[in-house]
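Chemist: dropping a prediction and its sequence here:
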Amino acid sequence: IAAIDLMFPIGKGQRQLIVGDKKTGKTQICLDTIANQKGKNVICIYVSIGKTKKELKRIYTKLTEKQTNHYTLIVAAFNDDPVPLIKLTPYVAVSIAKELMMEGNDVLVCIDDLKKHADACREIALISEKNTGRDAYPADIFYTHSRLLEKGCQHKNGGSITILPVVETKAEDITDYITTNIISITDGQIVLSDKSFKKGQKPAINFGLSVSRLGGAVQNENVKKIGAIVRRELLSYLETADVYQLVNIESLSDELQGKIFQGQKLLKLLNQPKYSPMSEEKLIDTFGYMAGITKSKIVDELLRDIELTKELDEGERWTIYAPMVDESLSPEEVDLSSFNIKKNLNPKFWKDGKLDSRIRMKLLDIADDFIEFLGVNWVKPKDIIITGSLANYNWNEKYSDIDLHILLDYNKVDKRKDFVSNYFH
């Protein structure tokens, strides 16, 4: 999962908590992680605590479809099983994992979820009239969970146990008793936000509250460098978007507008469908331009004067041509004034000498898509001039033609000698 591997990496032997409200994708992260271990010599154990038979059948079916059966075990205690069985189930799973680790295997254990396990422990304590502590949980509930989770380790024989415990919260409150206990035991947490999930961000990670205490120690140098930049840029955007969420974007400075549009695109890149793992190589290819590690392959194709077509999410299609210029000329020597730049937009789209805000937002979005398409991080939306005709564009139809000209002016961006194509039509 790109967002986790870049910013909250999980290493072998680590214990990383996954916490969030109901229906925010906690189980899906576990299933994606299991599916991603295919062909990596990792044995996976999925521990289901308190789920219904219908829920577990759905999970089993999905794992079977992804061909994970030959390296995955499912240890389950259903919601109608006796309470002592629910309490002991995760210990059984970790005992199996320990035996496999002693044989030199790497094992991944997903415990879904420990909140229901704590509830089972509380029920037993109340029935047996044991002294209770906070929220009526038994006084030794911290020891109960720490004894379980501290089995996660890297063994000297080369084997390891990696544990991903899941805890369900209510109203995004991660300060309740059980959650804070497990946060203090584990090596980091991935916090999922219900608000982000409802906005369509998947995985719905709260980037401000999530953390991995091992951090870059389990990443290679390139991914570590990219992850630091992605996290910094993303948190800066989220802070800016939170402050200016009710402000008309047209009233903001060019710098703030550029930051907001770039942040929105970064969030889109971090959105990931179910069961679509991203390899380390693909991570570097996708986000490497932010750290200057990779140069987009598309740039090379543009320089070879290849006609490219990009399909937008909305179903529209556009074509970009890159006519070659004299490579002996520096960017400063290319005469951009020879191009006829006019406001060819239909007059009805202009109000009091200003472009209609809806049209302007659409054009800026297209410009940002174009930047992402190029794969360079030194161009900003404000540095691109868009002209053309939208007279025939029907905003109510999914497919419409846009006569669009995109001009990149080197006088407004960093002068890069290796990027010889100055005009895109």
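Modeler: Here it is on my side, so go on. Numbering: from 1, shown residues only.
Chemist: top helix in this protein by residue count?
Modeler: Using DSSP state H, we find that the single longest helix of the chain is helix 221-243.
Chemist: quick one: average pLDDT of the helix or strand following that helix?
Modeler: Next along the chain after helix 221-243, taking DSSP states H and E as the criterion, comes helix 254-270. Per-residue pLDDT over helix 254-270 has a mean of 81.
Chemist: ok so, going back, show me what the longest helix of the chain is packed up against.
Modeler: helix 2-7, helix 254-270, helix 280-287 (3 or more Cβ pairs under 8 Å, 6 or more residues apart in numbering; DSSP states H and E). Glycine gets a C-beta too; all of them are placed from N, C-alpha and C.
Chemist: wait, which of those helices is closest to residue 214?
Modeler: Taking Cβ to Cβ, helix 2-7 is the member of the helices and strands packed on helix 221-243 nearest to residue 214, at 12.3 Å.
Chemist: what residues does stretch 45-58 touch?
Modeler: 30-31, 34, 59, 63, 72-79, 86, 89-90, 93, 96-97, 107-114, 116-117, 119-120 (Cβ atoms under 8 Å, 6 or more residues apart in numbering).
Chemist: are any of those buried, and which?
Modeler: Among the contacts of stretch 45-58, those that count as buried by neighbour count (16 or more other Cβ atoms under 10 Å) are 30-31, 34, 59, 63, 72-78, 86, 89-90, 93, 96-97, 107-114, 116-117, 119-120.
Chemist: please enumerate the helices of the protein.
Modeler: 2-7, 26-36, 53-65, 83-102, 114-127, 141-149, 177-185, 194-198, 221-243, 254-270, 280-287, 297-303, 357-374.
Chemist: what comes up buried for the longest one?
Modeler: Read it as helix 221-243. 222-231, 233-234, 237-238.
Chemist: got a markdown table for these, with distance to residue 16 and pLDDT too?
Modeler: Formatted as a markdown table, these follow (distance: Cβ to Cβ, whole Å; pLDDT from 0 to 100):
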| residue | distance to residue 16 | pLDDT |
| --- | --- | --- |
| 222 | 22 | 86 |
| 223 | 17 | 88 |
| 224 | 17 | 88 |
| 225 | 22 | 88 |
| 226 | 20 | 88 |
| 227 | 15 | 89 |
| 228 | 19 | 88 |
| 229 | 22 | 88 |
| 230 | 19 | 89 |
| 231 | 16 | 89 |
| 233 | 23 | 88 |
| 234 | 19 | 90 |
| 237 | 25 | 89 |
| 238 | 22 | 88 |
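Chemist: which one among the residues you listed gets closest to residue 184?
Modeler: For those, the nearest to residue 184 is residue 231 (23.2 Å; Cβ to Cβ).
Chemist: how near is that closest one to residue 83?
Modeler: Distance, residue 231 to residue 83, by Cβ to Cβ, to the nearest Å: 42 Å.
Chemist: same check on residue 119?
Modeler: Counting by Cβ to Cβ, the separation of residue 119 from residue 83 is 9 Å.
Chemist: one more: residue 3?
Modeler: Following Cβ to Cβ, the distance that separates residue 3 from residue 83 is 37 Å.
Chemist: among these two, which residue is more densely surrounded?
Modeler: residue 3 (25 against 16; other Cβ atoms under 10 Å).
Chemist: against residue 69, how distant is residue 268?
Modeler: 34 Å.
Chemist: any low-confidence regions in this structure?
Modeler: 289, 291-425 (pLDDT under 70).
Chemist: doesn't residue 167 make contact with residue 115?
Modeler: Yes. Between residue 115 and residue 167 there is a contact at 5.1 Å, judged by Cβ atoms under 8 Å.
Chemist: between these two, which contacts overlap?
Modeler: 178-179.
Chemist: compare the two and say which is more crowded by neighbours.
Modeler: Using other Cβ under 10 Å as the criterion, residue 115 and residue 167 rank with residue 167 on top: 27 against 20.
Chemist: how much space separates the more buried one from residue 72?
Modeler: Counting by Cβ to Cβ - residue 167 and residue 72 are separated by 22 Å.
Chemist: can you point out the buried residues in stretch 192-204?
Modeler: Applying 16+ other Cβ under 10 Å to stretch 192-204 flags 192-194, 196-197, 201-204 as buried.
Chemist: same question but for stretch 13-22, I mixed them up
Modeler: For stretch 13-22, a neighbour-count test (16+ other Cβ under 10 Å) marks 13-21 as buried.
Chemist: just the residues you listed: which are in strands?
Modeler: Assigned to strands by DSSP state E, the following of the buried residues of stretch 13-22 qualify: 17-20.
Chemist: re the thing from before, can I get the longest helix of the chain in CSV, CA atoms only?
Modeler: In CSV, the C-alpha atoms belonging to helix 221-243 read as follows (Å, rounded to 0.1, in the frame of the first residue of the first chain):
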residue,chain,number,x,y,z
GLU,A,221,17.5,4.9,0.7
ASN,A,222,15.4,5.9,-2.3
VAL,A,223,12.0,5.1,-0.7
LYS,A,224,13.1,6.7,2.5
LYS,A,225,14.0,9.9,0.7
ILE,A,226,10.7,9.9,-1.3
GLY,A,227,8.6,9.1,1.8
ALA,A,228,10.0,12.0,3.8
ILE,A,229,9.2,14.5,1.0
VAL,A,230,5.7,13.0,0.3
ARG,A,231,4.8,13.2,4.0
ARG,A,232,6.1,16.8,4.4
GLU,A,233,4.3,18.0,1.3
LEU,A,234,1.1,16.1,2.2
LEU,A,235,0.9,17.4,5.8
SER,A,236,1.6,21.0,4.5
TYR,A,237,-1.2,20.7,2.0
LEU,A,238,-3.7,19.2,4.6
GLU,A,239,-2.9,22.0,7.0
THR,A,240,-3.4,24.7,4.3
ALA,A,241,-6.6,23.0,3.0
ASP,A,242,-8.0,22.9,6.6
VAL,A,243,-7.3,26.6,7.1
